[in-house]
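J.: Build the 3D model from these lines:
(chains A, B and C)
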Amino acid sequence: MPDNVFVQNQWYVIGWSRDIGPEPYARTVCGEPILVYRKQNGEVTAMRDACPHRLLPLSMGIKEGDNIRCRYHGLMLDAEGRAVEMPLRSDRVNPALCARRYPVVERYSFVWVWIGDAARADPSLLPDYWMCEKEGWVFDGDTYFVRCNYQLLVDNLMDLTHETYVHATTIGQQELMDTPINTRVEDGKVVVERWMPNVPTPPAYRQPHLSGNVDRWQICYFLPPSSVVIDVGVAPVEEGATLENHPVRSFVIDAMSPETETTTYYYWGAARNTDIGNDERTQRTKEVQRQVFAEDLDVLEAQQRSLARNPDLRMLNFNIDSGGVRARMIIRRMLRTQADEAARGRNARETDAA
Amino acid sequence: MPDNVFVQNQWYVIGWSRDIGPEPYARTVCGEPILVYRKQNGEVTAMRDACPHRLLPLSMGIKEGDNIRCRYHGLMLDAEGRAVEMPLRSDRVNPALCARRYPVVERYSFVWVWIGDAARADPSLLPDYWMCEKEGWVFDGDTYFVRCNYQLLVDNLMDLTHETYVHATTIGQQELMDTPINTRVEDGKVVVERWMPNVPTPPAYRQPHLSGNVDRWQICYFLPPSSVVIDVGVAPVEEGATLENHPVRSFVIDAMSPETETTTYYYWGAARNTDIGNDERTQRTKEVQRQVFAEDLDVLEAQQRSLARNPDLRMLNFNIDSGGVRARMIIRRMLRTQADEAARGRNARETDAA
Amino acid sequence: MPDNVFVQNQWYVIGWSRDIGPEPYARTVCGEPILVYRKQNGEVTAMRDACPHRLLPLSMGIKEGDNIRCRYHGLMLDAEGRAVEMPLRSDRVNPALCARRYPVVERYSFVWVWIGDAARADPSLLPDYWMCEKEGWVFDGDTYFVRCNYQLLVDNLMDLTHETYVHATTIGQQELMDTPINTRVEDGKVVVERWMPNVPTPPAYRQPHLSGNVDRWQICYFLPPSSVVIDVGVAPVEEGATLENHPVRSFVIDAMSPETETTTYYYWGAARNTDIGNDERTQRTKEVQRQVFAEDLDVLEAQQRSLARNPDLRMLNFNIDSGGVRARMIIRRMLRTQADEAARGRNARETDAA
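T.: Okay, here's the model as predicted:
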């Protein structure tokens, strides 16, 4: 696998918990084909999706209890990826014969895999999606496959000015183009904050008690390497809402898992702390997001193709891009550190060998 | 964009005048994605089809009067490609912020764009399609997208011997294989001339007064870098037709605009100076051309694929290829001059910097 | 064409004899596009499938007697690939103008072409498919196009342990996983032999007189560069069958012709020496093979894709792979010899030039 294209030693979402059961489930993350499935004890396991024998995808295989048997020659691996039965049953099993395992954590409704050095896997490094599992909150969403680099998605989500035109009929409004943003870095997160006081309620927010003007806010948090969590809301103007005093809260959750340099699995959803037992409302919110993000998808894939067709042009950054710019700086710094570590590792091995 | 693949500092057709109105129209010419549209005053404008901000194709944008607004973040450009409104309306517009403009000329029923240095754009360098706008003549045609290099099309059009087999049922005839051609270069144009005295009328030319033998002529003109104009006609043998004395004239017009090295927009049509108010005849001629050129398309795309599959083989040139050979020599010379100029430009910049 | 990817100076199947008649038939073998057709005297001829003039595939051309005329400009070649008429019929035909010929042999129901130096073509180098033409035997089969390197097919056919899982419902059985194989090289052929005494009759072999346990054998022969012939059979246990004493014999025939490094034409069939006039049985056997090999196809194409997606992994060899391993060693040795010969040829030419 390429060393430097993706940020290593990080957790990436590989799927929704609800989609991963005992049957093989396969997805490529950061260029690495990975098989996951749920064991009988409920835990999820992950390994390289290639039989160590002749590389047939293990996801084409046959589950036997917690084991997976390759459909080509019948090599059987256990849930830790270790060979437990050879194609000729009388052949001795070499204990070193195994598929590479990936550390797994199941949290925030997602299954996450660790890309990088397994010895460094640490659940405390997960991005903090507290609103996805906190008591009194409800969270749901779905997945899109997008033919663009994941950083274009980060750019998109860290600048919501684009809602005016891309999402004109749902969450866009002209006032977005008149309201400056505040960008800062806090605790390793990039924050872009925009308050729109006393603006018309955008279409997707309209409800009987929210029909006139509202105060609207959008606070985007970039959590490295590839998550964006957005605090979004509107409140009647007379409430004088602040983040601290407003009881009704709602977040948009965006986890981007690069498949290749030009393709990304985009896991999106919404969390709220109000009316949480109302499944019909949860479903309706999900359908609005599905429509809104489909509009982004068209734009993002066209942008990716345009980047390839205009190799002489560079993207420019405006004020509205300050969040994406800082996110890219963080990613670039992580990649540089990673490259330095790799170089030091090579030097150390050469010194040892000398 | 690559420097040397296509002949720069030339006019290339980007579309039929009739197809270009106020709505965005986009096509890639010589590897450069270009947007064109017609302003309210009737003039056509052309600019790079990529928003200078994040490179989304401007052709996905929204027209507002003569301006175009990018559909992603709402940057608005005027018809000259200059930014006139930022996504955050309060942001200052940098006067240097613009999409690259392309000089445009509208002539001979086509919209032409200048590929190269805008300062050198000169309408007098347009290839001379006089028959497409002369009083007393009528001209019409259409477009094909062909998956081959444009020089294969030039080869094809500069040697009409191929009509015998490719167009056996329309304009081909065995006598083409028995009639030598005369090839020469005149005023920077390559001319291939073939007179077929006293031959049967080919199928597509048959009419009540042209049922027996005819004198047939084909005079192909290559106009650099990528146009071919062909004087074609038949006359009753007893007329002793010459180009000078024959009152009925008809030209095939071929403008090739390279999209990439292996794809080409082919704009084709026919002009005649007889029966010019007869729209039914104009339409019929266009349908014959549509059928004939579709036959060429099959052959040309197969040839392009075959070139890729037989990298060890080179095309050979026979006598019949003398027109295409000279056209290729002219193109090669233009590309060499272009490369020399580019090298001199680099040297000059280095000297200045020293 | 690339020098070293495929084993040169070998015969490769280009098609079934029954499919090759007077009309052009084209297929790429070892990266070389080849045209074949049958002459009026019944012989088959083969030449590069590109007109020596402008490289249009000759297979798009027009047959005129034993000649083929290019559909583009009408250059006519005879069945030996030599030009016999120019596009302008008055032009002199250069005797050197020709399409490269390929030596052809028609044997064992197939048409074979010689890839490499025509001067070294020798029918005695054909792989020995004696069972495909011996008196008292019947042979039939068909073709699959497979998107994998031909060596993956050789691996597959030289190890039949895979039948257990890939062909569970037809010819697979658990006992394959318990029965060791014997691998050896004999007369330049790799032989993998497996005898399964007293095992249940696998589904595809079940017949009224074969319903209980049987002795089953599989003897795979790899014939370089890309053929596998498999002696397969079952016999009632009480017969104590050996290859020498068993009167009923049946072979699976597999001829792999690489198209490119990742695509292969796979010609497969079965030969038997019993009930040979029973066409219904021949047809039924062919349909079983068609189903069985379609199952292989899925696996092989998934394996090829997985090799590309896991560039950091190498295939491992188990005992069951010993046949494929030795076949690959033979192929590697042939390629090395070929590279050495090419280097010596280059050196000799340089010495001559000095």
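J.: thought A:Leu300 was touching A:Leu152?
T.: Yes. Between A:Leu300 and A:Leu152 there is a contact under CB atoms under 8 Å: 5.3 Å. (C-beta placed from N, C-alpha, C; glycine too.)
J.: Any residues of the stretch 151-300 of chain A in contact with chain C? List them.
T.: Residues of the stretch 151-300 of chain A lying near chain C by CB under 8 Å from any CB of the partner chain: none.
J.: Report the beta-bridge partner residues of A:Ile219.
T.: Beta-bridge pairing of A:Ile219 under DSSP bridges involves A:Glu193, A:Asp231.
J.: That one against A:Asp231, yeah?
T.: Yes. When contacts are counted by CB under 8 Å, A:Ile219 is listed as touching A:Asp231 (4.1 Å).
J.: Need the residues touching each of these two.
T.: Common neighbours of A:Ile219 and A:Asp231, using CB atoms under 8 Å, 6 or more residues apart in numbering or on different chains, are A:Leu243.
J.: Contacts only, for A:Phe110.
T.: A:13-17, A:255, A:267.
J.: what's A:Asp187 sitting at in phi/psi?
T.: A:Asp187 has phi and psi values of phi 50, psi 40 when expressed as degrees, to the nearest 10.
J.: where does it land on pLDDT?
T.: A:Asp187 is assigned a pLDDT of 92 by the prediction.
J.: Same question for A:Ser109.
T.: Reading off the model, A:Ser109 has pLDDT 98.
J.: Pairing-wise in the sheet, spell out the partners of the residue nearest to the spatial centre of chain A.
T.: A centroid search over chain A (CA atoms, centre = their mean) returns A:Ala255, at 1.9 Å, as the residue closest to the centre. For A:Ala255, the beta-bridge partners are A:Ser227, A:Tyr267 (DSSP bridges).
J.: other SSEs contacting the strand or helix carrying A:Asp352?
T.: For A:Asp352, the element it lies in under DSSP states H and E is helix A:322-353. Helix A:322-353 sits against helix A:150-158, strand A:182-186, strand A:189-200, strand A:213-223, with contacts defined as 3 or more CB pairs under 8 Å, 6 or more residues apart in numbering or on different chains; DSSP states H and E.
J.: Show me which residues of that helix are buried.
T.: A:322-328, A:330-331, A:334-335, A:338 (16 or more other CB atoms under 10 Å in any protein chain shown).
J.: Next one, pLDDT for the residue of chain A most remote from its centre please.
T.: Distance from the centre of chain A peaks at A:Ser90, with 44.7 Å (CA atoms, centre = their mean). We have a pLDDT of 84 for A:Ser90.
J.: Does it touch C:Asp178 like I think?
T.: Yes. Using CB under 8 Å, A:Ser90 is in contact with C:Asp178, at 6.8 Å.
J.: Give the residues shared as contacts by those two.
T.: Between them, A:Ser90 and C:Asp178 share no contacting residue, judged by CB under 8 Å, 6+ apart.
J.: For chain C, what's the nearest residue on the stretch 101-250 of chain A?
T.: Nearest residue of the stretch 101-250 of chain A to chain C: A:Ile115, at 13.3 Å (CB to the nearest CB).
J.: list the contacts for that residue?
T.: A:6, A:8-12, A:29-30, A:32, A:102.
J.: sorry, back to before: got the helices and strands packed on helix A:322-353 as a markdown table, with mean neighbour count columns?
T.: Shown next, in a markdown table, are those (neighbours: other CB atoms under 10 Å in any protein chain shown):
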| stretch | mean neighbour count |
| --- | --- |
| helix A:150-158 | 25 |
| strand A:182-186 | 13 |
| strand A:189-200 | 18 |
| strand A:213-223 | 22 |
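J.: For B:Asn198, find the nearest of those.
T.: helix A:150-158 (67.7 Å; CB to CB).
J.: For the least confident helix or strand in chain A by mean pLDDT, enumerate the helices and strands it packs against.
T.: Ranking every helix and strand in chain A by mean pLDDT, DSSP states H and E puts helix A:163-166 at the bottom, with a mean of 86. Helix A:163-166 sits against helix A:279-309, with contacts defined as 3+ CB pairs under 8 Å, 6+ apart.
J.: helices or strands next to the helix it packs on in the packing?
T.: So helix A:279-309, by 3+ CB pairs under 8 Å, 6+ apart, packs with strand A:138-146, helix A:150-158, helix A:163-166, strand A:263-272.
J.: Show me which positions of that helix end up buried.
T.: A:282, A:285-286, A:288-289, A:292-293, A:295-297, A:299-307, A:309.
J.: relative to strand A:138-146, how tilted is that helix?
T.: For helix A:279-309 against strand A:138-146, the angle by axes from the mean of the first three to the mean of the last three CA atoms, to 10 degrees is 30 degrees.
J.: Just the angle for helix A:279-309 relative to strand A:263-272, thanks.
T.: Going by the same axes, to 10 degrees, helix A:279-309 makes 150 degrees with strand A:263-272.
J.: Figure out how far helix A:279-309 is from the centre of its chain.
T.: Put simply, helix A:279-309 sits 14 Å off its chain's centre (CA atoms, centre = their mean, to the nearest Å).
J.: between the helices and strands packed on helix A:322-353, which gets nearest to B:Lys39?
T.: Nearest to B:Lys39, of all the helices and strands packed on helix A:322-353, is helix A:150-158, at 31.8 Å by CB to CB.
J.: now check that closest one, is it near chain B?
T.: Yes. On the criterion CB under 8 Å from any CB, helix A:150-158 is in touch with chain B at A:Asp155.
J.: Could you export that helix as CSV, CA atoms only?
T.: Output of helix A:150-158 as CSV, limited to C-alpha atoms (Å, rounded to 0.1, in the frame of the first residue of the first chain):
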residue,chain,number,x,y,z
TYR,A,150,-12.2,13.0,0.7
GLN,A,151,-10.5,16.4,1.2
LEU,A,152,-13.0,17.9,-1.3
LEU,A,153,-15.8,16.7,1.1
VAL,A,154,-14.0,18.2,4.1
ASP,A,155,-13.7,21.5,2.2
ASN,A,156,-17.4,21.3,1.4
LEU,A,157,-18.5,20.7,4.9
MET,A,158,-16.3,23.3,6.5
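J.: Run the chain-centre distance for it.
T.: 11 Å.
J.: Also stretch A:163-178?
T.: On CA atoms, centre = their mean, the centre of stretch A:163-178 falls 24 Å from that of its chain.
J.: first to last residue in that stretch, what's the distance?
T.: End-to-end span of stretch A:163-178 (CA to CA, to the nearest Å): 13 Å.
J.: Can you mark which positions in it are buried?
T.: Quick answer for stretch A:163-178 (16+ other CB under 10 Å): A:163-168, A:170-173, A:175-177.
J.: Not counting its neighbours along the chain, what's nearest A:Ala83?
T.: Nearest-residue entry for A:Ala83: A:Leu97, 4.0 Å, with adjacent residues in sequence omitted and distances by CB to CB, 6 or more residues apart in numbering or on different chains.
J.: Quick check: residues of the stretch 51-200 of chain A near chain B?
T.: Residues of the stretch 51-200 of chain A lying near chain B (CB under 8 Å from any CB): A:155, A:159, A:161-162, A:164-166, A:177-181.
J.: show me where pLDDT drops low in chain A?
T.: Applying pLDDT under 70 to chain A picks out residues A:1-4, A:353-354.
J.: Got the domain ranges for it?
T.: As assigned by automatic domain parsing, chain A contains the domains A:10-125, A:132-334.
J.: List just the one of the helices and strands packed on helix A:322-353 that sits closest to B:Pro127.
T.: Of these, nearest to B:Pro127 by CB to CB is helix A:150-158, at 41.3 Å.
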